[in-house]
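# One predicted model, sequence on top.
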Amino acid sequence: MRSLAPAVAVVVAFGQIFPRDLLAIPRHGCLNLHASLLPLYRGAAPIQAAIAAGETVTGVTSMQMEAGLDTGPILLTAETPIGPRETAGELARRLAEMGGELMVETLARLEAGDLVARPQDDARASFAPLLSRDSGKVDWQRTARELANLLRAYTPWPGLTATLRGEPVKLVAASPLEGAPPAGEISAPGTFLGLRDGQLAVACGGGTLLGVSTLQRPGRKALRAADFANGEHLRAGEAFT
């Protein structure tokens, strides 16, 4: 790298922290494109973290890299709304297009000499840790809205997976249902309460209901809720875990 004597280095989704010696090689430093509005969601999974948190706006940031994790000065940002049903995969494709344009503008302004870096406000910082397959295990103590956001955040990977009768089942599509479980009905989180509007009504934390419209067993095709319930002979009162 040193033998190339680069003017600038551009880094996107590299996944490792550059050592100080490497950061110092380019004359104008190393520029990073990050898929959030820094200082929010520093780390490996900013797109998923923003959706999981229920954010309605996100964006991309070009920044000057330093030794810390996404802590360097901000150069330029671009914002975009998050669609109410938009998944991480869909949002990632849009942010990739936006990010390419933002980095081209960043380099042009760097060359023109009118790029002004501004420090991040560390007090507003949040962290988006690396996801694992276990990140997608359903916690039915969460509210229906939280689970619906997690499902969008974890699509296409790692997905949101529950257990039914000791075997995993993937929740492919789901959304919160209006209203609370009927009075006197079993409503411990994870309890299947029957079909409602073609969806499996499952009790969640805070007295909320999640309507699961599409499910998939490992190695099988995804099924609509009614077909899944019929095929599994699912009965009200059974519990997902």
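Structure's in. What do you need?

# And the helix or strand containing R152, what's buried?
R152 belongs to helix 144-153 when assigned by DSSP states H and E. Residues of helix 144-153 classed as buried by neighbour count (16 or more other C-beta atoms under 10 Å): A144, E146, L147, A148, N149, L150, L151, R152, A153. For glycine as for every other residue, the C-beta is placed from the backbone atoms N, C-alpha and C.

# same check, this time on stretch 174-181
Residues A174, S175, P176, L177, P181 are the ones in stretch 174-181 that count as buried (16+ other C-beta under 10 Å).

# got a pLDDT number for P182?
pLDDT recorded at P182 is 65.

# okay, which residue is most central for this structure?
In the chain, the centroid-proximal residue (C-alpha atoms, centre = their mean) is Q48; its distance is 1.0 Å.

# If you tally nearby residues, what's the number for the nearest residue to M65 once chain neighbours are set aside?
Spatially, and ignoring its direct neighbours in sequence, M65 is nearest to C30 (4.1 Å; C-beta to C-beta, 6 or more residues apart in numbering). With neighbours defined by other C-beta atoms under 10 Å, the count for C30 comes to 21.

# List the beta-bridge partners for C30.
A9 (DSSP bridges).

# so it touches P19, yeah?
No. Using C-beta atoms under 8 Å, C30 makes no contact with P19, being 11.1 Å away.

# quick check: longest strand of the chain.
Ranked by residue count and defined by DSSP state E, the top strand of the chain is strand 167-177.

# quick check: mean pLDDT across that one?
On average, strand 167-177 scores 98.

# Could you do stretch 234-241 as well?
Averaging pLDDT along stretch 234-241 yields 96.

# can you list contacts of that stretch?
Residues outside stretch 234-241 that contact it (C-beta atoms under 8 Å, 6 or more residues apart in numbering): 138, 140, 162-165, 169, 186, 188, 190-194, 200, 202, 228.

# where do the helices sit along this protein?
With DSSP state H, the ranges of helices along the chain come out as 20-23, 46-52, 88-112, 144-153, 225-232.
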